[in-house]
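Novice: Build me a model from this:
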Amino acid sequence: MRRQRRRRINPFLGLFLFLVSVTFLPAACWAALASVRRLSEPQPPTLVIAYSPEKQHLFEELLSGFASVERRTSTGRRMQVKAVPLPSEKMIGAAIAGEVQAVSPDSSLWLASIDEEWQRQNPGAGPLVGQSVRFAISPVVIATRAEVARALGYPGRRLGWADIIERARTDPSFGWSHASTSTASGLLATLAQFYAGAGKTRGLTVEDVTSEAVLQYVAAVQATVKHYGEGELATVQRVLAEGDRSGLAAFVVQEQLVIYLNQHSEQKFVAIYPKEGTLWEDHPLALLELPQLDSEARETFEAFARYLRGEQAQKVVLRHGYRPADLHIPLVGEESPFTPANGVDPAQPETTLQVPSPAVVAVVRDVWWYTKKHTNVFLVVDTSGSMEGPKIEAARAALQAFLTGIRGEAERVGLVEFGSEIKRVVPLAELSRNRAALEAAVAELEVGGSTAFLDAVSYAYSALQRMRDSSRINAVVAMTDGRENASELTLRGLLAQVRDGNARGVPVYIFCIAYGSDADLKLLERIAAESGGQTYRGDETSLEDLYKAISTYF
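Specialist: Sure, this is the predicted structure:
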């Protein structure tokens, strides 16, 4: 058999064919090859930080500045930082769960709370909070409408808690508020009131905050509060959205938010630095010593912390209305927002209070429920046929979360369940007497019928008006997932009832929750606005958080 000769390819032809194949290789193939190369390279370490929501604009600019310069770990991988805004309660949960490697709350008070919860869940464990740095500070002030502040004597005389008490007592239209002690501004303001009652500026003790004279002083301040709230940022956003309709002449916030408010509102506010003294939100950045924390995450944290304390980042802090931690950076100048036009005074506060010990802070948070302005609140709950299934289960969980959030046994709560008509009423009573009855009613909610929303709200509103209890915050929290279709009362009739009742009787605020997309949002907004309350939208995934947020108002 004749052997076939192997043909030799001309080397120039082979090179030509190779170049052709490379030139016309499909783009998708090139992308796949690039992807393989990327997968073969070490992935950059990412440090995840949770920060308090009011710092969002500041953090976004700081992260951009940090990323603009390439920084690498000792292993040669590029450092990356990701940040997520979380309120204090969720931040603590995320830290304990290991979902973040660092935190930047608005106050160091929450660092102690993180360690406390960590050790509660991990008995015998060491502290979770590791090294920390402070990169921005902001004193707690009373943001006051400029015309109201002038009527109080601003800027010629120093003002304080006594002036707020006197104005609120003599002027029923003077509405002021601070958030609950579950927030930094609310807790720090309450601590300042305890200091004022004790006549001290430092060294507040457990004996001070539990003395009858101090408790009576703080109760007198709290008795003039219009309502509490879910946080200082939420208050500012409400004032920006509603203007005069918010009914607030003054409210407690950090100084930075007064600057923000004046930069975004036509109405002007001034920061009153209480003459009795104030505390500061100190905005720390803290590393979490989690078991899974690796050396590269630690290196990234240390690099980011150094960047935050650098001159470039500190000037960014200043531009956003915070006082830089670097005291060498002046608060006045062309780029500084610390101007009279923004309602702040960089020379204030004259008196800074000492942060009390964790033991004192814990006692104040507990006795606040004794000194705070108490509440009469009716929960109005839709259990019409459309609530069948996951909706009613989510509603049960949300209502239970609301009751759990109100720790004070002196608060009065009632419940109205409705479908085609009012199905069940748990009479208003102090939680020390009816908490069990409310929890049982929530567990037994029964779905069925149409939607007599207006009649149910009217029932609760009338019950509160008949009490004529001006010593408490009076409110209706009404939830519905559908459109009104069964009430005898008309919307016009309910609005007239609310208008007349709030003018001649005691103010009753109506908080409306539109549960799902089928709820009549416009109707709910009209009812809430007429009463001075607010409207919220929620679904099965957010309803519990909504009820938790609303519970902070009481």
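
Novice: What's the first helix or strand after the helix or strand hosting residue 364?
Specialist: Taking DSSP states H and E as the definition, residue 364 sits inside helix 358-371. Downstream of helix 358-371, the next assigned helix or strand under DSSP H and E is strand 375-382.

Novice: By average pLDDT, which secondary structure element in the chain comes out worst?
Specialist: helix 27-40 (a mean of 40; mean pLDDT, DSSP states H and E).

Novice: Show me the contact partners of the helix holding residue 364.
Specialist: 109, 112, 116, 181, 187, 190-191, 194, 204-206, 208-210, 215, 218-219, 222, 356, 407-408, 410 (Cβ atoms under 8 Å, 6 or more residues apart in numbering). C-beta here means a position set from N, CA and C on the backbone, and glycine is covered the same way.

Novice: Going by neighbour count, which residues in it are buried?
Specialist: 360-361, 363-365, 367-369, 371 (16 or more other Cβ atoms under 10 Å).

Novice: go on, stretch 275-294?
Specialist: 275-290, 293.

Novice: secondary structure element for residue 234?
Specialist: Per DSSP H and E, the secondary structure element for residue 234 is helix 232-242.

Novice: helices or strands next to that helix in the packing?
Specialist: helix 184-198, strand 250-254, helix 255-264 (3 or more Cβ pairs under 8 Å, 6 or more residues apart in numbering; DSSP states H and E).

Novice: again, 6 Å this time
Specialist: helix 255-264 (3 or more Cβ pairs under 6 Å, 6 or more residues apart in numbering; DSSP states H and E).

Novice: just to revisit the earlier point, compute the inter-axis angle for the helix holding residue 364 and helix 184-198.
Specialist: Helix 358-371 and helix 184-198 are oriented at 90 degrees to each other (axes from the mean of the first three to the mean of the last three Cα atoms, to 10 degrees).

Novice: what about helix 358-371, distance to the chain center?
Specialist: 20 Å (Cα atoms, centre = their mean, to the nearest Å).

Novice: ok, now stretch 272-288?
Specialist: On Cα atoms, centre = their mean, the centre of stretch 272-288 falls 16 Å from that of its chain.

Novice: Between the two ends of it, how far is it?
Specialist: 36 Å (Cα to Cα, to the nearest Å).

Novice: Would you state the strands of the stretch 451-554 of the chain in chain order?
Specialist: If DSSP state E, counting those that start in this stretch is used as the criterion, the strands of the stretch 451-554 of the chain fall at 473-480, 508-515, 535-538.

Novice: can you redo these as JSON lines with distance to residue 377 and mean neighbour count?
Specialist: As requested, the strands of the stretch 451-554 of the chain are exported to JSON lines (distance: least, Cβ to Cβ, whole Å; neighbours: other Cβ atoms under 10 Å):
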{"stretch": "strand 473-480", "distance to residue 377": "5", "mean neighbour count": "27"}
{"stretch": "strand 508-515", "distance to residue 377": "9", "mean neighbour count": "25"}
{"stretch": "strand 535-538", "distance to residue 377": "15", "mean neighbour count": "19"}
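
Novice: Any chance of those strands in TSV with distance to residue 243 and mean pLDDT as columns?
Specialist: Formatted as TSV, the strands of the stretch 451-554 of the chain follow (distance: least, Cβ to Cβ, whole Å; pLDDT from 0 to 100):
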stretch	distance to residue 243	mean pLDDT
strand 473-480	22	98
strand 508-515	17	97
strand 535-538	16	95
